[in-house]
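J.: pasting the structure only:
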């Protein structure tokens, strides 16, 4: 996502150059016909055009607001992921506390529960971005070796990882390492993680109705024909750039909404999932005393953080 916007007006026009060309062509044809033929029905009063323009503005703004709601919900879900991940690690380190400091097996189990969770967070990032989690460097770095072969072929890798966490916690309860209250508390954290994952999957797998984008495009194109009819009498050829300015504004507002509809892509307005998941990994592994930590991503030269 953009942390610092370093774009330009030219960049926006280059992004939507096809739409700009269409609006320029349509308005040029209308203005040329009006000035050459002077046919009365090629002229309109500004009042109906103002009403139509206001209606189109409301329509495209609704799409943008709806897209932002989806983007912000995704950000809130990943904010909950950060908090729940830290809480999970604190629970593991408090509850799975060996009485004997030399108990290597229990220390290994603590480390696996924390690192497996870091792998789960990275795997969820890959799932949201339609990437192969088992080919991701950070997933493989955090995943215990005993899990790798058993997880291949899973239809939902993240759910399988949480199941492994639950199995480990249940085994610790059977062995008497944790009591029933601790088991219930850890199980509640796993439930919260499943809720977060389900919310992310709901956003990703429920596309915004495509009819909104289609209607916004067609209405704006129609307005590029109608608007010059109301401006040409007073502005002459200057009605062309004015039409282009108004219509490209409608298009940019609509397109911003489209780019926000899926907050988990690799496009520039998407959420910085790599930065979030790496931050979680670093926070969790520091609690274990690890020092070979990955660098947290920083914004690139365009001000984009992914």
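T.: Arrived safely, thanks for sending. Model, not experiment: these values are computed from the prediction.
J.: In the chain, where's the longest helix?
T.: If you go by DSSP state H, the chain has its longest helix at helix 46-95.
J.: Which other helices and strands does that helix contact?
T.: Identification of packing neighbours for helix 46-95 by 3 or more CB pairs under 8 Å, 6 or more residues apart in numbering; DSSP states H and E yields helix 104-128, helix 180-205, helix 210-235, helix 239-260, helix 273-288. The C-beta positions use only the backbone N, C-alpha and C, and glycine is treated the same way.
J.: Report the contact partners of the residue nearest the centre of the chain.
T.: Residue closest to the average C-alpha location in the chain (CA atoms, centre = their mean): residue 263, at 1.6 Å. Residues in contact with residue 263 (CB atoms under 8 Å, 6 or more residues apart in numbering) are 70-71, 74-75, 203, 269-271.
J.: from these, which has minimum pLDDT?
T.: Among the contacts of residue 263, residue 269 carries the weakest pLDDT, at 81.
J.: I'd say it and residue 259 touch.
T.: Yes - Residue 269 is within contact range of residue 259, at 4.7 Å (criterion: CB atoms under 8 Å).
J.: low-confidence ranges in the stretch 201-306 of the chain?
T.: Residues of the stretch 201-306 of the chain that meet the criterion pLDDT under 70 lie in 302-304, 306.
J.: swap in the stretch 1-150 of the chain?
T.: Across the stretch 1-150 of the chain (using pLDDT under 70), the flagged ranges come out as 1-13, 38-44, 99-102.
J.: Please repeat the previous calculation with a cut-off of 80.
T.: 1-17, 33-49, 97-104, 144-149 (pLDDT under 80).
J.: follow-up on the earlier one: tell me the SS of the residue nearest to the centre of the chain?
T.: coil (DSSP: H, G, I helix; E, B strand; the rest coil).
J.: can you pull the contacts of the residue lying closest to it once chain neighbours are set aside?
T.: Leaving aside its chain neighbours, residue 263 sits nearest to residue 74 (3.7 Å; criterion: CB to CB, 6 or more residues apart in numbering). Residues in contact with residue 74 (CB under 8 Å, 6+ apart) are 200, 203, 263-264, 271.
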